[in-house]
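A.B. asks: just need the structure, nothing else, for what follows:
(chains A, B, C and D)
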Protein chains: 2
Amino acid sequence: MNIGSAARKSGLPAKTIRYYEEIGLLKADRAANGYRDYSAADVNRLQFVHRSRNLGFSVEECRQLLSLYDDKQRASAEVKAIAEAKLDDIDRKLAELTSLRSALRHLVDHCHGDDRPDCPIIDGLSGATVACETH
Amino acid sequence: MNIGSAARKSGLPAKTIRYYEEIGLLKADRAANGYRDYSAADVNRLQFVHRSRNLGFSVEECRQLLSLYDDKQRASAEVKAIAEAKLDDIDRKLAELTSLRSALRHLVDHCHGDDRPDCPIIDGLSGATVACETH
DNA sequence: GGTTGACCTTCCAGATACTGGAAGGTCTAG
DNA sequence: CTAGACCTTCCAGTATCTGGAAGGTCAACC
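C.D. replies: Numbers count the residues shown, from 1 in each chain, chains lettered A, B, ... in the order given. Next up is the predicted model:
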């Protein structure tokens, strides 16, 4: 399929897909007319990169994650180590996102429309947990 | 406190803190000697920005999130709407991160050291859920 | 067959978000 | 009063896109 379809299916702009090719993140086949040609597997890879980037992984980290995808038949300790490290990253991100969520939720539910000049709960936005007893 | 301490406590490089000041994300007081002077509340804001950026929010989004922090005594429907929208963003990110995690976990646990040329589970890396029955 | 409009191509410039380094001022300890 | 660790500004470079120009390709319709 052409780059436009791949863009629609992966959610990435065509521009970005070309850029990823330019930096060697993923190459595409070319049709006889010179158009890039994407398989369903390519679209999967693009979707994967899209969500990984959205979740705060760098392009280099995406390259490592894609290597899991590509080197899957190679029982490589190195590749497995990368995967384990990424799992740890993800767990850390999950914990932070959860705490950010609860802080923001708390703010919306309890700290709004209040005209006191300071709300100690809001200070919890920056920390891992929301301190509540001073509110 | 000086920028170095604020950097250590917030986890952001001093360079980045200066950059955030330059783009007006958060201003700092100045001591008599011209050094930037950060309060504990400033450090909270910096930590907050740090984690938000790590989780894939843009600087502009961080600016909105910080406005919740700053306009907290203003019972503004607009600010509340931003908070609700950010909560939705966070929920979406949580769901994606969870599915990415389970896909990667599955890959590490089941698809490795396998020398078959293709592993359908890995294709699930790009989707919201991991299809398992074809493996 | 010709034209139109939606595709595609490359290339180059600009935007966003840092990041590193130089040149130099300030502070604290010995 | 000197050494080393801070701090300052400024300017240049990097990473990751993003927009636009100039032009080729394709499918459909007259």
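
A.B. asks: neighbours of A:Arg45, just the number please.
C.D. replies: Counted with other CB atoms under 10 Å in any protein chain shown, the neighbours of A:Arg45 add up to 23. In this view, the C-beta of every residue, glycine as well, is placed from N, C-alpha and C.

A.B. asks: just to check, it is in contact with A:Glu21?
C.D. replies: No - using CB atoms under 8 Å, A:Arg45 and A:Glu21 do not qualify as a contacting pair, with a distance of 11.6 Å.

A.B. asks: which bits of chain A sit near DNA strand D?
C.D. replies: Residues of chain A that fall close to DNA strand D, judged by CB under 7 Å from any atom of the strand: A:13, A:15-16, A:19-20, A:23, A:31-35, A:53, A:58-60.

A.B. asks: ok, A:Ile23 - contacts?
C.D. replies: Shown here is A:Ile23, whose contacts under the criterion CB atoms under 8 Å, 6 or more residues apart in numbering or on different chains are A:Val59.

A.B. asks: per-residue confidence for it?
C.D. replies: A:Ile23 carries a pLDDT score of 93 in this model.

A.B. asks: now the one 3 residues further on
C.D. replies: Looking at A:Leu26, its pLDDT reads 90.

A.B. asks: a helix runs through it, doesn't it?
C.D. replies: No - if the criterion is DSSP: H, G, I helix; E, B strand; the rest coil, then A:Leu26 is coil and not within a helix.

A.B. asks: gap between it and chain B?
C.D. replies: A:Leu26 sits 12 Å away from chain B when distances are taken as CB to the nearest CB, to the nearest Å.

A.B. asks: kindly report the same for A:Gly34.
C.D. replies: Distance check for A:Gly34 against chain B: by CB to the nearest CB, it reads 27 Å.

A.B. asks: and that residue, that one's in a strand?
C.D. replies: No - A:Gly34 sits outside any strand when classified using three-state DSSP, being coil.
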